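>>> Okay, here's the prediction I keep looking at, along with the sequence it came from:
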Amino acid sequence: MTPAFPTALPAPACAPLSAGPARRWLTLAGTALVLLVSGCATTALPEAGSGTTGTPSATPPVSASAPRLPSYRLPSDVPLSTIGTAETALPSVATLDAPADLWDRIRRGFAMPDLEGDLVRDREQWYATRPDYMQRMTERSSRYLFHIVEEIERRNMPMELALLPFIESAFNPQAVSSARAAGMWQFMPATGQSFDLKQNAFRDDRRDVLASTRAALDYLQQLYGRFGDWHLALAAYNWGQGNVNRAITNNQRLGKPTGYTDLNMPAETRLYVPKLQAVENILARPEAYNTTLPLIGNHPFFDTVALERDMDVALIARLAEVAEKDFRALNPSLRQPIVMAAGTPHVLLPWDNALIFQRNLQAYTGPLASWTAWVVPTTMSVAQAADRAGMSEAELRAVNNIPPRMQVRAGSSLLVPRTDKRNGDVPVHVADNGQISFQPEVILKRTTVRARKGENLTRLAQRYGVSPVSVAGWNKLAVNAALKPGQRITLMLPQRVAVAKAASPSKAPAKKSATATPARKASPTASKPVKTKSKTATSASKTRVASSGKSDKKN
């Protein structure tokens with residue numbers, strides 16, 4: 001056994017003067033090590049030669065002339081303190097077993113403080129007594145939940161947030177609220193725009209699985225950074241951060257607490273976190289609530305496939321060998337029958353079908369897209385636009401969701417069939433920003449009429465073919481108000497707007513269409529307004545709108 005230290009080290013003074021630099025360094029190093037060890041001892045150093053014969057000494061011998069180092073033994077008059085015991089809270093040992101399924105993985109990530117109270121128990125009862133609803137909701141989540149869990153773990157956020165789409169939309173990416181919030185995470189239009197969720201004529205990224213999840217988690221992280229409390233961050237997600245901030249300020253002014261349960265909030269926001277807590281409790285212990293959860297494997301449901309060219313939705317589904325409705329369930333942001341690669345460079349497909357799609361696409365030799373986008377050069381009627389696009393008016397209305405009695409404004413991006421002249425992929429500025437705007441074919445013109453003898457407001461409205469409720473609102477009268485003979489009544493009567501194309505320089509300009517005006521002496525049996533047909537020129541040059549009176553500019 002090699003001793004811990006040399007059995008003997010010469011003192012520095014005993015080193016021969018002729019020793020080399022290496023020998024002198026070793027001598028000094030050995031001496032320093034002896035002094036260091038000796039200084040840390042709690043008992044006096046043994047005398048030289050006092051070690052056991054035949055056993056290497058743990059410390060080098062010290063000569064009688066060498067000075068003794070001080071001992072660090074405590075004085076005998078200093079009492080020792082009693083040795084006590086204390087309990088320690090050790091962190092729980094994390095299991096190394098892989099989660100059995102995605103629900104198990106979610107449960108392991110719960111990190112928010114639990115919320116207690118009657119509201120939570122009320123929501124638990126509400127969900128537990130609707131097993132069919134819970135079954136549909138959890139089955140629908142199986143397409144998207146793995147991706148959300150992955151993103152939350154990557155950001156080190158509480159796993160309770162993965163359950164938020166249960167509260168917002170029941171995991172329906174096509175859900176739209178009465179306040180126009182859309183998608184799985186229910187983004188309002190303005191909030192979606194602030195998080196770069198495109199909303200145009202061809203797609204709505206508030207419904208996109210990847211984009212909306214990214215935006216929602218960004219927003220929640222931002223809210224938590226502002227309020228420092230997940231319950232308050234969730235309240236702000238539902239109610240708005242400005243409203244939550246004002247509620248906190250009001251409580252601070254009154255000297256009241258500023259926790260989630262302490263704030264004065266609308267009923268919907270007050271129930272928001274209790275709903276999430278109730279769903280968490282049910283998913284944590286489904287057997288306690290007589291609930292059966294569908295099996296969701298702890299693996300991806302879909303894969304991302306890149307697109308280099310515009311492709312019809314029907315063709316993608318056929319090459320991937322999936323039903324079109326299943327394809328749209330994974331790609332709910334698409335509004336049209338075509339995927340524009342410039343704006344949507346990738347699509348989601350079921351995991352196994354992604355490989356099938358790529359294999360079939362390599363063997364496919366036909367056209368990839370039968371649609372393209374056409375930017376309308378000038379305001380025109382739907383019939384004129386359909387004629388330019390080479391399709392029927394009914395088909396143009398159906399594909400582009402054009403309401404009746406509307407004209408298409410200049411700059412609108414319409415989806416039209418590809419032709420030899422229009423056969424290219426949609427450019428990025430159109431795919432990302434394409435919008436459709438309309439203006440009414442018929443506008444309302446303010447007109448004053450006189451009531452007849454014995455006529456009330458309802459009969460007068462029927463005589464001019466307008467709604468009695470509208471006439472009452474225009475004149476601030478009751479719907480069945482009696483009218484005096486000759487009493488002046490204001491009506492907003494329809495006036496058709498004609499779209500006339502400018503003639504060539506050698507021809508006279510097209511005439512404006514006649515406008516409909518109420519007859520001064522209408523037949524007592526007349527119940528419809530007088531209609532006149534607009535005269536529309538058919539030349540191929542620019543169009544203009546001929547109108548009089550005020551036009552409604554609503555989009």
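Everything's here; your move.
>>> which SSE is Arg446 in?
Per DSSP states H and E: Arg446 is located in strand 442-450.
>>> pLDDT of the following helix or strand past that strand, averaged?
Counting by DSSP H and E, the next helix or strand C-terminal to strand 442-450 is helix 457-463. For helix 457-463, mean pLDDT is 90.
>>> Ok, stretch 369-384 next?
Stretch 369-384 comes out at a mean pLDDT of 95.
>>> now it, how far from the centre of its chain.
31 Å (Cα atoms, centre = their mean, to the nearest Å).
>>> So for that stretch, what gets flagged as buried?
By 16 or more other Cβ atoms under 10 Å, the buried positions in stretch 369-384 come out as Ala369, Trp371, Thr372, Ala373, Trp374, Val376, Thr378, Thr379, Met380, Ser381, Val382, Gln384. Placement of C-beta: from N, CA and C, glycine included.
>>> Inside strands: which ones of these?
In strands, defined here by DSSP state E, the members of the buried residues of stretch 369-384 are Trp371, Thr372, Ala373, Trp374.
>>> What pairs with the strand holding Arg446, parallel or antiparallel?
The strands beside strand 442-450 in its sheet (DSSP bridges) come out as strand 488-496 (antiparallel).
>>> The partner strand: how far from the chain's middle?
Relative to its chain's centre, strand 488-496 lies at 46 Å (Cα atoms, centre = their mean).
>>> pLDDT (mean, whole number) over it?
Mean pLDDT, computed over strand 488-496, is 83.
>>> and what of stretch 420-434?
Averaging pLDDT along stretch 420-434 gives 93.
>>> picking up where we left off before, I'd like the buried residues of stretch 369-384 as TSV, with distance to Arg226 appended.
Output for those, formatted as TSV (distance: Cβ to Cβ, whole Å):
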residue	distance to Arg226
Ala369	45
Trp371	44
Thr372	44
Ala373	40
Trp374	45
Val376	44
Thr378	48
Thr379	45
Met380	49
Ser381	50
Val382	48
Gln384	52
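>>> Out of those residues, which is nearest to Leu307?
Ala369 (10.5 Å; Cβ to Cβ).
>>> wait, that closest one sits on Arg418?
Yes - judged on Cβ atoms under 8 Å, Ala369 makes contact with Arg418 at a distance of 6.6 Å.
>>> Identify the residue nearest the geometric centre of the chain.
Central residue of the chain (Cα atoms, centre = their mean): Ser212, 2.7 Å from the mean position.
>>> any idea how far that one lies from Asp104?
26 Å (Cβ to Cβ, to the nearest Å).
>>> go on, Arg207?
29 Å.
>>> And for Ala385?
Distance of Ala385 to Asp104, given as Cβ to Cβ: 56 Å.
>>> In terms of packing, which of these two has more residues around it?
Ala385 (23 against 13; other Cβ atoms under 10 Å).
>>> residue ranges with poor pLDDT in the stretch 451-555 of the chain?
In the predicted model of the stretch 451-555 of the chain, residues 496-555 satisfy pLDDT under 70.
>>> What ranges in the chain fall below the confidence cut-off?
1-96, 496-555.
>>> Do a quick rundown of the strands in it.
Taking DSSP E, the strands of the chain run over residues 302-306, 311-312, 338-339, 346-350, 371-375, 406-408, 413-417, 438-440, 442-450, 488-496, 498-501, 543-546.
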